[in-house]
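Asker: Give me a 3D structure for the following:
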Amino acid sequence: MLSAFVSAFRTPDLRRKILFTLGLIALYRLGAALPSPGVDYRAVQDCVDLVSGGESAGIYQLINLFSGGALLQLSVFAIGIMPYITASIIVQLLTVVIPRFEELRKEGQAGQTKMTQYTRYLSIALAVLQSTGLVALAARGQLLQGCQQDILADTSIFGMVIIVLVMTAGAALVMWFGEQITERGVGNGMSLLIFAGIAARIPIDGKSILDTRGGLVFSVVCVAVLGIIVAVVFVEQGQRRIPVQYAKRVVGRKMYGGSSTYLPLKVNQAGVIPVIFASSLLYLPNLISQLTGSATATEPSWWQEIIQTYLVNPSNPVYIAVYFAMIVFFTYFYVAITFNPEERADEMKKFGGFIPGYRPGKPTADYLNYVLSRITLPGSIYLGTVAVLPNVFLDMGNSGAVANLPFGGTAVLIMVSVGLDTVKQIESQLMNRNYEGFLK
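Answerer: Here you go, the predicted structure:
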């Protein structure tokens, strides 16, 4: 892996792409540390230090993790990349419901450009909603519960509108950063921005574990993280290779086909999308409860008590069970809408391909559906297990330990997946340039 990076820096074109990517990531981290206008930065820092590791911020920890700690600090990039991720998931889900989206998906590059445009519009709308909810919670003192300081210097309508506009513009700029990295840099831009946010939190939370729990617990956590990394790499690289044989075809005076290849089906076909989607849905009930409740009310309603009891504390057994079940469900759901066995079978039939022992068409589609359902079960269990690991094992007598999510399974899963994908892209570009030199 290191040799690939060394070779990439020796190639001028790849070196420019890598430096361009690193430059945009540095700008993203700068915006994540820049406070929004009208926010009392000193009061925010005091409140974050006060509630750090507590249950009051537990429900926001995953979203705060994706933003690299910018969410709870109300910075310019507080909303981060979450609106774009949510919009992308919604647009993908709507392709099953809306025929127009299904037609655009089949139109190739032109249709994909149109769907990307719809995704951007929806991202801006979601950014406005999320920033409005975030500022409303901060104005009512419910974002960082347990902190008595006023974190907003100006709570007037005009002042809060300015903060919402700045955060929305920050989300749009982050979306542009991600698209530019994808087009002109190396790797998937959105994934690399999430990677940068998680990596930025590791030193802070590592020091927090070391100071509060001691060297022994810190060593155990490091060993557990190393084991998780090995397991994640092993499963992420695992795939079921279905042999595909292509018949010989004569076109004009040339003969095509006659080759044997395979169709790779990954064990984790859905990636980290089910984890993100399940976390977002678990975050919504508490957000609705806080927005509809009164900051001065002493007796919450029965449904607010249920949410506060079971769906806020990440170490609660009910929370863990619901989280795990939602991840398994969304894994099956996402794989079903992103991988269509009928389309794959039709593509193979169109180009003269077939799976040995199965006739082209519906029998091939049924076989692909059977194999996919078999490998999705261990993949979903793997995703759910890795995601709930911090909730189960890092709660060593103190629920605040769960807050150190960069050392948890979800963060490791995202970082390893993004790292492997980026290294593969660098190696593939190096291989293309080596082939060009060989042909010349």
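Asker: you'd agree residue 150 is in a helix?
Answerer: No. The assignment for residue 150 (DSSP: H, G, I helix; E, B strand; the rest coil) gives coil, which keeps it out of a helix.
Asker: you'd agree it is up against residue 40?
Answerer: Yes. The pair residue 150 / residue 40 is scored as a contact, 6.7 Å apart, by C-beta atoms under 8 Å. Bear in mind the C-beta positions are built from the backbone N, C-alpha and C, glycine included.
Asker: Which one of these two is surrounded by more residues?
Answerer: Shown here are residue 150 and residue 40; by other C-beta atoms under 10 Å, residue 40 has more neighbours (17 against 14).
Asker: Contacts only, for the more buried one.
Answerer: 149, 150, 151, 152, 153 (C-beta atoms under 8 Å, 6 or more residues apart in numbering).
Asker: Now do the contacts for the second one.
Answerer: When you say that, I think you mean residue 150. By C-beta under 8 Å, 6+ apart, the neighbours of residue 150 are 40, 43, 141.
Asker: Run through who's touching stretch 349-361.
Answerer: With C-beta under 8 Å, 6+ apart, stretch 349-361 has contacts from 242-247, 249, 257, 345-348, 364, 367.
Asker: Can you list the buried residues in that stretch?
Answerer: 353, 354, 355, 358, 360 (16 or more other C-beta atoms under 10 Å).
Asker: and these, which of them are in strands?
Answerer: Assignment to strands by DSSP state E places the following of the buried residues of stretch 349-361 there: 353, 354.
Asker: Among the buried residues of stretch 349-361, list the two that are farthest apart in space.
Answerer: For these, the maximum inter-member distance is 11.2 Å, found between 353 and 358 (C-beta to C-beta).
Asker: any idea of the mean pLDDT for the host helix or strand of residue 419?
Answerer: Element membership for residue 419, per DSSP states H and E: helix 409-439. For helix 409-439, mean pLDDT is 74.
Asker: could you dump stretch 215-224 to CSV, C-alpha only?
Answerer: Coordinates of each C-alpha in stretch 215-224 appear next as CSV, following Å, rounded to 0.1, in the frame of the first residue of the first chain:
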residue,chain,number,x,y,z
GLY,A,215,-3.8,3.3,30.5
LEU,A,216,-5.1,-0.2,30.9
VAL,A,217,-8.5,0.6,29.4
PHE,A,218,-6.9,2.6,26.6
SER,A,219,-4.6,-0.3,25.7
VAL,A,220,-7.6,-2.7,25.7
VAL,A,221,-9.5,-0.3,23.4
CYS,A,222,-6.6,0.0,21.0
VAL,A,223,-6.3,-3.8,20.8
ALA,A,224,-10.0,-4.1,20.2
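Asker: Show the average pLDDT along it.
Answerer: 81.
Asker: Which positions within it qualify as buried?
Answerer: For stretch 215-224, a neighbour-count test (16+ other C-beta under 10 Å) marks 217, 218, 221, 224 as buried.
Asker: quick one: which of these is nearest residue 374?
Answerer: Among the buried residues of stretch 215-224, and counting by C-beta to C-beta, the member closest to residue 374 is residue 224, at 29.6 Å.
Asker: The closest one and residue 274: what is the separation?
Answerer: Noted for residue 224: a distance of 23 Å to residue 274, by C-beta to C-beta, to the nearest Å.
Asker: could you pull out the helices for the stretch 101-250 of the chain?
Answerer: With DSSP state H, counting those that start in this stretch as the criterion, the stretch 101-250 of the chain has helices at 109-139, 157-184, 189-213, 215-237.
Asker: Kindly calculate the angle that the shortest one makes with helix 189-213.
Answerer: Counting by axes from the mean of the first three to the mean of the last three C-alpha atoms, to 10 degrees, helix 215-237 lies at 160 degrees to helix 189-213.
Asker: Who are the packing partners of helix 215-237?
Answerer: helix 189-213, helix 362-393, helix 409-439 (3 or more C-beta pairs under 8 Å, 6 or more residues apart in numbering; DSSP states H and E).
Asker: Pull out the buried positions in the second one.
Answerer: So the one you mean is helix 362-393. Those would be 364-365, 367-369, 371-372, 375-376, 379-380, 382-384, 386-391, 393, for helix 362-393 by 16+ other C-beta under 10 Å.
Asker: What about residue 268, how many residues nearby?
Answerer: So residue 268, with other C-beta under 10 Å, has 25 neighbours.
Asker: Now do the SS call for it.
Answerer: Quick answer, by three-state DSSP: residue 268 is coil.
Asker: residue contacts, it?
Answerer: 235, 236, 238, 379, 382, 383.
Asker: returning to that earlier point: including distance to residue 315, could the helices and strands packed on helix 215-237 go into a markdown table?
Answerer: A markdown table is the format used below for the helices and strands packed on helix 215-237 (distance: least, C-beta to C-beta, whole Å):
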| stretch | distance to residue 315 |
| --- | --- |
| helix 189-213 | 15 |
| helix 362-393 | 6 |
| helix 409-439 | 14 |
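Asker: now for the ones you listed, which one comes closest to residue 116?
Answerer: Here helix 189-213 is closest among the helices and strands packed on helix 215-237 (C-beta to C-beta), at 12.1 Å.
Asker: quick one: buried residues of the closest one?
Answerer: In helix 189-213, the ones that count as buried by 16+ other C-beta under 10 Å are 189-201, 205-206, 208-209, 213.
Asker: Between helix 157-184 and it, find me the angle.
Answerer: Going by the same axes, to 10 degrees, helix 189-213 makes 110 degrees with helix 157-184.
Asker: where's helix 189-213 relative to the chain centroid, distance-wise?
Answerer: Taking C-alpha atoms, centre = their mean, to the nearest Å, the mean C-alpha location of helix 189-213 is offset from the chain mean by 15 Å.
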